[in-house]
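Visitor: got a predicted model here, sequence first, then my questions.
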Amino acid sequence: MSRKFQGNYLFIQKDKPSRIRLYFLILISILALIYGSIFLWSIAPSSSNTPDNLSYKVKISPQSSLASIAQQLSDQGLVVAPYIFQISARALFVGSKLKPGTYLLPLRASLGKILLQIARGDRVKESISIIPGMAIWQVRALIDAHPSLLHETKGITSKQLLQAINLNYPSDEGLFFPDTYVFDPEESDLNIYRRASQAMQKQLERAWDQRNKQIPLTSPYQLLTLASIVEKETGRAGDRGLVAAVFVNRLNKNMPLQTDPTVIYGLGPRFDGNLRKADLRKDSPYNTYMHKGLTPSPIAMPSGESLVAAAHPDKTDAIYFVARGDGSSHFSKTLNEHEDAVDRYQRKTSSKTH
């Protein structure tokens, strides 16, 4: 403080810094009041959008402005004026951070908690899993049946599907990488196909670039095809490299691959699980007992491990293998050794041999 005399009176004048501190405290109090109101003010949804006593669901469209988000939430039952929502979002510095998607908002949650949840992107998520070894008709049936996807591909042809995701291949088989794909409810199924195909292209390009240059394959698509056969023929993960090696050795010797899964693929979805001798005699581009070389397309969705195995087969002279019955296989270099293995492991079974 400073003292100032005027006549017989003493005036006490506050210093300027003291006034600044006072204004600052007032400002802090106002801000505290605003933020406190945002976090303590409970918002009640409309009864039409309350499926249970815990939460209610709202959806924010992609590329929405703050004003649009406020209106969308108001239309879906968030009982707060859109302008209050916008002011509160800006006060919390999240006006440009609100993310699209479907949200489950806690019943009676404060506006502040709602805003921070949307800014974090804490959304409802769905998922779908493509399993290694699935054929394209199994993948399409899986995606068509998922209740949370927007089905834009249901009923379209393979050619139309490939055009929709900008791929140029003779078939849509084998092009979708086996993995679990997380998505927002009501997302287009095209996005699943697009993401799965991009993942497969990435894995395939890496495997092709790092391949053993001695393998008798001339294109990434041939690698994909071989990997799909390895996927279907491998009962134990540790055998992938040896299974791939047998097929590579057969290709090098101009021997038919003679693998049942390719014949089964040629039979299509009508296959009943029992491969008969008559099936092996049916002429088909996928009958590798009748035709040498690789099949015209992949026969399944190969895993990343099968792609690596096809690109880097183990070093072996084996050209036969037979299932032992426990998921593993016995590998042989000669026909006599192979026939002995068949007698040993499959004398009492009807399992396939190669």
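Guide: Looks like it came in fine. Numbering: from 1, shown residues only.
Visitor: from here on, contacts and neighbour counts on C-alpha atoms
Guide: Noted.
Visitor: what residue is smack in the middle of this structure?
Guide: What sits nearest the mean C-alpha location of the chain, by C-alpha atoms, centre = their mean, is Y181, with 2.1 Å.
Visitor: I'd assumed that one was in a strand, is it?
Guide: Yes. Checked against DSSP: H, G, I helix; E, B strand; the rest coil, Y181 lies within a strand.
Visitor: please enumerate residues in contact with stretch 119-139?
Guide: 94, 97-104, 143, 146, 148, 172-174, 177-185, 228, 231-232, 269, 299-303 (C-alpha atoms under 8 Å, 6 or more residues apart in numbering).
Visitor: burial of T234, as a residue count?
Guide: By other C-alpha atoms under 10 Å, the residues close to T234 number 21.
Visitor: returning to that earlier point: beta-bridge partners for the residue nearest to the centre of the chain, please?
Guide: Note on Y181: beta-bridge partners by DSSP bridges are I128.
Visitor: quick one: it and I192 touch, right?
Guide: Yes. Look at Y181 against I192 with C-alpha atoms under 8 Å: they come within range, at 7.0 Å.
Visitor: so what's the backbone phi/psi at G101?
Guide: phi 140, psi -180 (degrees, to the nearest 10).
Visitor: setting aside sequence neighbours, what's the nearest residue to it?
Guide: Excluding the flanking residues, the one nearest G101 by C-alpha to C-alpha, 6 or more residues apart in numbering is I60, at 5.2 Å.
Visitor: among the contacts of stretch 119-139, which ones are in strands?
Guide: Members of the contacts of stretch 119-139 lying in strands (criterion: DSSP state E): G101, T102, Y103, L104, T180, Y181, V182, F183.
Visitor: need the buried ones from those residues selected in ChimeraX.
Guide: Per 16 or more other C-alpha atoms under 10 Å, the buried members of the ones in strands among the contacts of stretch 119-139 correspond to this ChimeraX selection:
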select :101,102,103,104,183
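Visitor: what's the closest of the ones in strands among the contacts of stretch 119-139 to L167?
Guide: Checking those against L167 with C-alpha to C-alpha, the nearest one is Y181 at 19.7 Å.
Visitor: tell me the contacts of the closest one?
Guide: S127, I128, S129, I192, A196.
Visitor: now do L307
Guide: Residues counted as contacts of L307 (C-alpha under 8 Å, 6+ apart) are Q203, L204, A207, L223, L224, A227, S228.
Visitor: which secondary structure element contains it?
Guide: Per DSSP states H and E, L307 falls inside helix 304-311.
Visitor: how distant is that helix from the center of its chain?
Guide: Distance of helix 304-311 from the chain centroid (C-alpha atoms, centre = their mean, to the nearest Å) equals 20 Å.
Visitor: mean confidence for it?
Guide: Helix 304-311 shows a mean pLDDT of 98.
Visitor: toward the C-terminus, what is the element adjacent to that helix?
Guide: Defined by DSSP H and E, the subsequent element after helix 304-311 is strand 320-323.
Visitor: so which elements touch the next helix or strand after that following strand?
Guide: The helix or strand immediately downstream of strand 320-323 is strand 329-332, counting by DSSP H and E. Strand 329-332 is packed against strand 320-323, helix 335-346, with contacts defined by 3 or more C-alpha pairs under 8 Å, 6 or more residues apart in numbering; DSSP states H and E.
Visitor: please work out the average pLDDT along the first one.
Guide: Which is strand 320-323. The pLDDT scores in strand 320-323 average 87.
Visitor: can I get it as CSV, trimmed to CA atoms?
Guide: Backbone C-alpha positions of strand 320-323 (Å, rounded to 0.1, in the frame of the first residue of the first chain) are rendered in CSV as follows:
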residue,chain,number,x,y,z
TYR,A,320,5.9,-87.2,-49.8
PHE,A,321,4.2,-86.7,-46.5
VAL,A,322,1.5,-88.5,-44.6
ALA,A,323,-0.6,-87.5,-41.6
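Visitor: does anything pack onto it? Which helices or strands?
Guide: Packing partners of strand 320-323 (3+ C-alpha pairs under 8 Å, 6+ apart): helix 240-252, strand 329-332, helix 335-346.
Visitor: at 6 Å what do you get?
Guide: Judged by 3 or more C-alpha pairs under 6 Å, 6 or more residues apart in numbering; DSSP states H and E, strand 320-323 is in contact with strand 329-332.
Visitor: the strand it packs on: partners in the sheet, and parallel or antiparallel?
Guide: The pairing partners recorded for strand 329-332 under DSSP bridges are strand 320-323 (antiparallel).
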